[in-house]
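# prediction below, plus the sequence it came from.
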Amino acid sequence: MNTGGGDNPSTSAVTQLSHDVWRRYQHLLDKTTPLVLYRWIFLTVIACIYALRVYLVQGFYIITYGLGIYILQLLIAFLSPQVDPEIQDLIDDGPGLPTRGSDEFRPFVRRLPEFKFWHTLTKAFCFAFVLTFFSAFDVPVFWPILLFYWLVLFISTMKRQIMHMVKYKYVPFTFGKQVSS
């Protein structure tokens, strides 16, 4: 009886294969990092394929609702600064967002960087797409109610986020080089 760990050749082969697949996947991700426009076009195509699948099947609204809530959560993390100014005000040490015109300009650092935002969205759409092939997840619901709930959640969350942006005077998007006036 073999009680030693890792001596099984089939386990070693599976581990090696999974490592090779992961390494190739990471290499592909590394190559796509500078290709921002193509990555977002790819995500749009995946999202359209998912939407077409849900539309043609006329179901899986619960999966779509969960996906929508997850997308909203990712969007909020993407629009939020890495260091929350409300918490920074309580601590009052370290760099924060400039609050006055005389403050030094500091670039906006996101809580969720663009590449991770794109990558997580892509994985979420792929996962949701796979779930649409299992009838156990096709729970019969009245989809207009789910849509209404999601819209209320989206509007209230974005209102709160925009009020936070206005209060602490930050914009999560840059449009070229900052020029001091």
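Good, I have the coordinates. Residues are numbered from 1 along each chain as shown.
# buried set for stretch 152-166?
The neighbour-count check on stretch 152-166 (16 or more other CB atoms under 10 Å) flags H164, M165 as buried. For every residue, glycine as well, the C-beta is placed using N, CA and C.
# which helix runs longest in the chain?
Assignment by DSSP state H gives helix 143-168 as the longest helix of the chain.
# where does the chain dip in pLDDT?
1-8, 10, 88-107, 173-181 (pLDDT under 70).
# let's go with 90 and repeat that
Scanning the chain with the threshold set as pLDDT under 90 gives 1-14, 59, 78-113, 138, 140-141, 143, 161-181.
# which residue ranges form the helices in it?
For the chain, the helices defined by DSSP H occupy 9-32, 36-57, 61-79, 85-91, 114-131, 143-168.
# neighbours of the closest residue to T33 other than its chain neighbours, how many?
Spatial nearest neighbour of T33, excluding adjacent residues (CB to CB, 6 or more residues apart in numbering): F115 at 6.1 Å. Using other CB atoms under 10 Å, the number of residues around F115 comes to 14.
# possible to save the helices of the chain as JSON lines with distance to F137?
Below are the helices of the chain laid out as JSON lines (distance: least, CB to CB, whole Å):
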{"stretch": "helix 9-32", "distance to F137": "26"}
{"stretch": "helix 36-57", "distance to F137": "11"}
{"stretch": "helix 61-79", "distance to F137": "6"}
{"stretch": "helix 85-91", "distance to F137": "38"}
{"stretch": "helix 114-131", "distance to F137": "5"}
{"stretch": "helix 143-168", "distance to F137": "14"}
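# returning to what we had before: and the longest helix of the chain, what does it pack against?
Taking 3 or more CB pairs under 8 Å, 6 or more residues apart in numbering; DSSP states H and E as contact, the helices and strands that helix 143-168 lies on are helix 61-79, helix 85-91.
# dump those helices into TSV; add mean neighbour count and distance to I49 as well.
Output for those, formatted as TSV (neighbours: other CB atoms under 10 Å; distance: least, CB to CB, whole Å):
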stretch	mean neighbour count	distance to I49
helix 61-79	17	13
helix 85-91	11	39
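# identify whichever of those lies nearest to Q161.
Taking CB to CB, helix 61-79 is the member of the helices and strands packed on helix 143-168 nearest to Q161, at 5.8 Å.
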